[in-house]
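The sequence and its predicted three-dimensional model are supplied below.
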Amino acid sequence: MDDGVATMDTGKGAPAKLKGPQKTAIFLLAMGEEFASSFFKRLDEPSIKEIGKYMSEINHVPSDVLNGVIEEFLGNFVSDRNLHVSGKSFLEQVISKSLDGGKAREICKSIGQDVQRVPFDDLSVVPGDKLFNILKGEHPQTVALILSYLPESKGAEILEQFPEETRAEIALRIARIGPVEDEVVRELDEVVRKDLSSLGGPTRQLDGVEKLAAILNELEGKAEEAILASIETEDNDLAETIRKRMFVFEDLLQVNDKGFREILQNVDKTTLAKALKTASEEMKAKIFSNLSERAAEMLREDLEVLGPVRLKEVEESQQTILKAAKKLESEGRVVFAGKNKEDVFV
């Protein structure tokens, strides 16, 4: 090129006449050294040389050409006109790099932010299909760790896209997650985002069973049962622990009265009486309000004559009722709040 890009046609549509590497060179110059350096790290050597050649020849870019190139790049990047980005993370990174640590923390706190990143925070705003494409080639243990940090609904959305066998393995690994070195988490976060960090430092405590239970709560009934059945073949006790953590007795408050009455019809009165021993006042009120006057009176009488009951028996009775509720849910006769992103009960 003679005299940089001065020889370019700067009329309307000029960017379309440029070669791809020329446009890339212009775009990188406009974005600055740090961005260009990060961009080059992702390219092979021939591509760097080609773009670099055009970049080295540029000494002036007319405004209409520059605007056209930038619009084209941004148009390709956000073709659906949505911006998938964590504003909080972006703000933290920019302020942290622009100011010293103390000043950065002071400014972030003043606007309700914290300089310390939340691991994998960026991923929560990435569309599920795109995130799955990022994770599908990763080791199941890596995927398990990442999903354990995501919101349950997002974790379920990603988990159900894996093949059944892989899905079960990931679920088992989530359930078995224990303490993880904080810096390992940060390193993995950086791998997903950009550069690696050094290892070492404190640990981050995770409750894998609780996290997997929450994720399974968001899955379709068949997928959920398939995962639990697979875990059961590996570790029956673990599977039972997960089942108990998935729903607690008080979660039945989420079911509307029509569905709740159907649950009560599938439970014997002795089991119901024992389950009420540790129930909240709200749960007791919901149960009595969904019984006929005669049935409610009989339940009160059963409670009076029941006497002290071991806590284990109470918990077993509550689990029996929950199993009845889960069976009805699998048949589509009861729906829990938040399940499959629905808040309508039938």
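Arrived safely. Note that the structure is predicted; figures quoted are calculated from it, not measured.

CA only for contacts and neighbour counts going forward, please
Noted.

For stretch 124-132, which residues meet the burial criterion?
Judged by neighbour count (16 or more other C-alpha atoms under 10 Å), stretch 124-132 contains these buried residues: 124, 126, 128, 131, 132.

what do you get for stretch 271-290?
For stretch 271-290, by 16+ other C-alpha under 10 Å, it's 271, 272, 273, 274, 275, 276, 277, 283, 286, 287, 290.

Just the endpoints, please. Distance across it?
One end of stretch 271-290 sits 16 Å from the other (C-alpha to C-alpha, to the nearest Å).

Give the rounded mean pLDDT of it.
Mean pLDDT, stretch 271-290: 92.

Residue 244: helix or strand, and which one exactly?
helix 236-246 (DSSP states H and E).

My read is that residue 302 contacts residue 270, right?
Yes - using C-alpha atoms under 8 Å, residue 302 makes contact with residue 270 at a distance of 7.4 Å.

The two: which has the busier surroundings?
A count of neighbours by other C-alpha atoms under 10 Å puts residue 302 above the other of residue 302 and residue 270, at 16 against 13.

Assumed that one was part of a helix.
Yes - the assignment for residue 302 by DSSP: H, G, I helix; E, B strand; the rest coil puts it in a helix.

what's it in contact with, if anything?
Counting by C-alpha atoms under 8 Å, 6 or more residues apart in numbering, residue 302 touches 270, 273.

Look up how far residue 170 lies from it.
The spacing between residue 302 and residue 170, counted by C-alpha to C-alpha, is 45 Å.

just residue 238 next, same as before
Distance, residue 238 to residue 170, by C-alpha to C-alpha: 14 Å.

between these two, who's got more neighbours?
Comparing residue 238 with residue 170 by other C-alpha under 10 Å, the one with more neighbours is residue 170, at 24 against 17.

Tell me if that one really is in a strand.
No - Residue 170 is assigned helix when assessed by three-state DSSP, not a strand.

Quick check, it in contact with residue 144.
Yes - between residue 170 and residue 144 there is a contact under C-alpha under 8 Å: 5.4 Å.

Mind telling me what element residue 317 is part of?
Per DSSP H and E, residue 317 falls inside helix 311-330.

could I get that helix in CSV with only the CA atoms?
The C-alpha coordinates for helix 311-330 follow below in CSV (Å, rounded to 0.1, in the frame of the first residue of the first chain):
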residue,chain,number,x,y,z
LEU,A,311,-37.2,-37.3,64.8
LYS,A,312,-36.1,-40.0,62.4
GLU,A,313,-39.7,-41.2,62.1
VAL,A,314,-40.9,-37.7,61.4
GLU,A,315,-38.3,-37.2,58.7
GLU,A,316,-39.1,-40.5,57.1
SER,A,317,-42.8,-39.6,57.1
GLN,A,318,-42.0,-36.3,55.4
GLN,A,319,-39.9,-38.1,52.8
THR,A,320,-42.8,-40.5,52.1
ILE,A,321,-45.0,-37.5,51.4
LEU,A,322,-42.3,-35.9,49.2
LYS,A,323,-42.0,-39.1,47.3
ALA,A,324,-45.7,-39.1,46.7
ALA,A,325,-45.5,-35.5,45.5
LYS,A,326,-42.5,-36.4,43.2
LYS,A,327,-44.5,-39.3,41.7
LEU,A,328,-47.4,-37.0,40.9
GLU,A,329,-45.0,-34.4,39.5
SER,A,330,-43.5,-37.1,37.1
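
Right, I'll call it a day here.
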